[in-house]
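Asker: please work out how this folds:
(chains A and B)
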There are 2 protein chains.
Amino acid sequence: MRIITIGREFGSGGRELGKRLADELSMNYYDKEILTAIADKLQMDENYIGKKADGGLLHAIPLSFGRTFAYRQQDTVRILVEQQKIIREIAEKGEDFVIVGRNADVILKQYHPFRLFVYADMESKLCRCKERGEGNESWTDEELAKRIRQVDKGRAKNRELLSGSMWGRKESYDLCVNTSGVLVKEIVPVVADYANVIFRRTR
Amino acid sequence: MRIITIGREFGSGGRELGKRLADELSMNYYDKEILTAIADKLQMDENYIGKKADGGLLHAIPLSFGRTFAYRQQDTVRILVEQQKIIREIAEKGEDFVIVGRNADVILKQYHPFRLFVYADMESKLCRCKERGEGNESWTDEELAKRIRQVDKGRAKNRELLSGSMWGRKESYDLCVNTSGVLVKEIVPVVADYANVIFRRTR
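Answerer: As a prediction, this is how the structure comes out:
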């Protein structure tokens, strides 16, 4: 079984790379489907889960119903636990797949996934976010950069909750790819080849 | 002109990767030749220069002649300045080359080199060092690990002297390769392909 896990900075093109790698290598691709599964299981709003499960979406989700901080913390833990369960169930099916975010590299450690991390400089991330129409059109670059940092901070925090290993530190990954000034689709074939070299090794 | 700069942790196989990449891509390879050139120019011992120019060899070179600390600091600065000059002269020749260490990525920034960083976990670095016969046979793993950390600390310090950017931080590089459990020769073709993708881009 071949598994690729992708950690990524917000706006680095990690999700695009994940989708394209899955196509290139004929593997399944998991991302938002996991949120839908958690939402079904816990009877919660999918957007709210997205925020909790992966360190936050770019838009803050307003917290309604006057829920207390303790409640919200409890939600995060419930969601992360459920997410772990669902990711393990996917792996138990035995199929090849690519999974983006969600600390899947930590959760699936026993399967020796190929662990990729995708990052870029802020200029390049701002550019990608604007192309994708992320955030609010009225935001200045500074405001958008602040949001990007917030999202990644949330991801780092979730990883800390889950494991001792640090989010985004190269030591936690097999290959770290800087997408500044790079078109993601151009690097797909070489990253796929790299993954195949790693898969061929007895791990 | 294509330039590949390789930063690497001691024992990660970075030099081997550099040599093999140069072969694979028909590029020149620079490493110790630079020390010889500095030694000629400054009329100093090549081993001593090796220690100063790249954060230290694994064996500490005994400091003879009771030279004072200030003298030794002065030597480091003279050697680093000379090294920069020689590296710039190589680039001015306009030939394609691979260069290992020596903060060449910072020195050659204007040429937009492909900046590679090679790292590995300590277990894997110890294993490589022992295979290469580094250090003293009587050393325990703990002693060898301590020396490995010392060498890398020296490299980080030299980089600090030269530039604001941090040695070994992924943000300073285009691609970071973890060689734990990997045979360097197996990844050479894919890293070479990756370099070619980057070279094809207008940078």
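Asker: so where does the residue in chain A that chain B sits nearest to fall, helix or strand?
Answerer: At 3.9 Å from chain B, A:Cys176 is the closest residue in chain A, using CB to the nearest CB. The way it works is simple: take the backbone N, C-alpha and C, and place the C-beta from them, glycine included. Secondary structure assigned from DSSP states H and E places A:Cys176 in strand A:175-178.
Asker: how about A:Val98?
Answerer: With DSSP H and E as criterion, A:Val98 is part of strand A:97-100.
Asker: quick one: is whatever helix or strand comes next after that strand near chain B?
Answerer: Downstream of strand A:97-100, the first helix or strand assigned by DSSP H and E is helix A:104-107. No - Helix A:104-107 lies apart from chain B when judged by CB under 8 Å from any CB of the partner chain; the minimum separation is 12.2 Å.
Asker: which of the residues in the helix-or-strand element of chain A with minimal mean pLDDT are classified as buried?
Answerer: Taking mean pLDDT, DSSP states H and E as the measure, chain A has helix A:46-53 as its least confident helix or strand, at a mean of 80. Within helix A:46-53, the residues scored as buried using 16 or more other CB atoms under 10 Å in any protein chain shown are A:48-53.
Asker: what are the contacting residues of that helix?
Answerer: The contact list for helix A:46-53, computed with CB atoms under 8 Å, 6 or more residues apart in numbering or on different chains, reads A:32, A:34-36, A:38-39, A:42, A:57, A:60-61, A:75-76, A:79-80, A:83, A:102, A:154, A:158.
Asker: before we move on, what about stretch A:170-185?
Answerer: For stretch A:170-185, the external contacting residues (CB under 8 Å, 6+ apart) are A:7, A:12-13, A:16-17, A:20, A:105, A:114-121, A:123-124, A:165-166, A:187, A:191, A:194, A:198, B:117, B:119, B:121, B:168, B:170-171, B:173-178, B:197-198, B:201, B:203.
Asker: flag the shaky bits of chain A, pLDDT-wise.
Answerer: In the predicted model of chain A, residues A:54-72, A:202-203 satisfy pLDDT under 70.
Asker: which bits of it sit near chain B?
Answerer: Residues of chain A lying near chain B (CB under 8 Å from any CB): A:117, A:119, A:121, A:168, A:170-171, A:173-178, A:181-183, A:186-187, A:189-191, A:193-194, A:197-198, A:200-201, A:203.
Asker: can you map out the helices along chain A?
Answerer: Taking DSSP state H, the helices of chain A run over residues A:14-24, A:32-42, A:46-53, A:69-92, A:104-107, A:122-131, A:141-162, A:184-200.
Asker: and among the ones you listed, the most buried is which?
Answerer: helix A:104-107 (a mean of 24; mean count of other CB atoms under 10 Å in any protein chain shown).
Asker: other SSEs contacting that helix?
Answerer: Helices and strands touching helix A:104-107, by 3 or more CB pairs under 8 Å, 6 or more residues apart in numbering or on different chains; DSSP states H and E, are strand A:3-8, helix A:69-92, helix A:141-162.
Asker: please repeat the previous calculation with a cut-off of 7 Å.
Answerer: With contacts defined as 3 or more CB pairs under 7 Å, 6 or more residues apart in numbering or on different chains; DSSP states H and E, helix A:104-107 has these neighbours: strand A:3-8, helix A:69-92.
Asker: alpha carbons only: can I get stretch A:120-132 in CSV?
Answerer: Extracted in CSV, the C-alpha atoms of stretch A:120-132 (Å, rounded to 0.1, in the frame of the first residue of the first chain):
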residue,chain,number,x,y,z
ALA,A,120,6.6,29.1,-0.1
ASP,A,121,7.6,32.6,0.7
MET,A,122,4.8,35.0,1.7
GLU,A,123,4.8,36.9,-1.6
SER,A,124,4.1,33.7,-3.5
LYS,A,125,1.5,32.6,-1.0
LEU,A,126,-0.3,36.0,-1.2
CYS,A,127,-0.3,35.7,-5.0
ARG,A,128,-1.8,32.2,-4.9
CYS,A,129,-4.4,33.1,-2.4
LYS,A,130,-5.5,36.1,-4.5
GLU,A,131,-5.7,34.0,-7.6
ARG,A,132,-8.0,31.5,-5.7
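Asker: what lies in contact with that stretch?
Answerer: Identification of contacts with stretch A:120-132 by CB atoms under 7 Å, 6 or more residues apart in numbering or on different chains yields A:9-13, A:135, A:141, A:144-145, A:148, A:178-181.
Asker: make a ChimeraX selection of whichever of these turn out to be buried.
Answerer: Restricted to buried positions by 16+ other CB under 10 Å, the ChimeraX selection for these reads:
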select /A:9,10,11,12,13,135,144,145,148,178,179,180,181
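Asker: note down every partner strand of the strand holding A:Val98 and its orientation.
Answerer: strand A:3-8 (parallel), strand A:28-30 (parallel) (DSSP bridges).
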